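# heads up, no residue letters with this:
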């Protein structure tokens, strides 16, 4: 298993943000990101039963703690990474628990419930990432949590149509009720004023998390957090694009083109100088 290949083929914004890192940290964050992709791919594999997915994720929980017979060849790389930085098994198990939620949950009644999912699949990733990036001020941990919530909230808005095809609705039921937009209307992909108001509400929540992250980021850690700031800039641009286009997520797949991403990377790098 080649972590760099996994990262390249994912075409992820995170992979693009890695260019800001030195060689060693770039290698290490690539290894970690590959772990995230592997466990996420297990949960999303349509050819595997829920039981098999659960078993494979359980295997990874064991491999994080000690070598096991017939383990993935990649497991030793992940354990080495954990030993090199202050990364406990529990931190990576939180991410596994997040992808595992998709095996049994496809609706969320409240945002408080959804926040647990967002924390596990995004904020927990951020908390591990900043250990690899390096930081001095403990406040950077809360920055990672808030930025993770912002990124995942943006993902949820972007992927409303795609998630419907998998019978997953991450928009909280209480939010649908707030704007009198029914789940049946969502299933029917009805685009109307109430849907736009709903999505504006979700976008405002994501914007709040972005703002909190910006407020919290300690000045002395801005250089070490540049990869995270690149991610935040790209996703803020994505969120703004959807807002200006009135969230036509049923008919479009939103994203920034490579030139737009590169310009945002350059802008973040220039801030350091």
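In hand now; what should we look at? Bear in mind the structure is a predicted one, so any value in this text is a computation, not a measurement.

# for the closest residue to residue 182 other than its chain neighbours, helix, strand, or coil?
In space, and not counting its chain neighbours, residue 182 is closest to residue 176: 6.7 Å by Cβ to Cβ, 6 or more residues apart in numbering. Any C-beta I mention is one placed from the backbone N, CA and C, and that applies to glycine too. With DSSP: H, G, I helix; E, B strand; the rest coil as the basis, residue 176 sits in helix.

# kindly list the longest helix within the protein.
Secondary structure of the chain per DSSP state H: the longest helix is helix 193-216.

# what are the buried residues along it?
Within helix 193-216, the residues scored as buried using 16 or more other Cβ atoms under 10 Å are 194-196, 198-199, 202-203, 205-207, 209-210, 212-213, 216.

# again, but for stretch 114-129
Those would be 114-115, 117-129, for stretch 114-129 by 16+ other Cβ under 10 Å.

# hmm, who's touching that stretch?
29, 32, 36, 40, 87, 91-92, 94-95, 97-99, 101, 105, 108, 141, 144-149, 151-153, 155-156, 170, 172, 227-228 (Cβ atoms under 8 Å, 6 or more residues apart in numbering).

# what's the PyMOL line that selects buried ones from the residues you listed?
Typed into PyMOL, the next command selects the buried ones out of the contacts of stretch 114-129 (criterion: 16+ other Cβ under 10 Å):
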select buried, resi 29+32+36+40+87+91+92+94+95+97+98+99+101+108+141+144+145+146+147+148+149+151+152+153+155+156+170+172+227+228
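
# what about the contacts of stretch 114-129, which are in helices?
Reading helices off the contacts of stretch 114-129 with DSSP H, I get 29, 32, 36, 40, 91-92, 94-95, 97-99, 101, 141, 144-149, 151-153, 155-156, 227-228.

# so where is the stretch 1-150 of the chain shaky, pLDDT-wise?
The model of the stretch 1-150 of the chain has pLDDT under 70 over residues 1-16.

# that one: helices as residue ranges?
For the stretch 1-150 of the chain, helices defined by DSSP state H, counting those that start in this stretch occupy the ranges 3-10, 13-17, 23-44, 50-65, 75-84, 89-101, 111-118, 124-133, 139-158.
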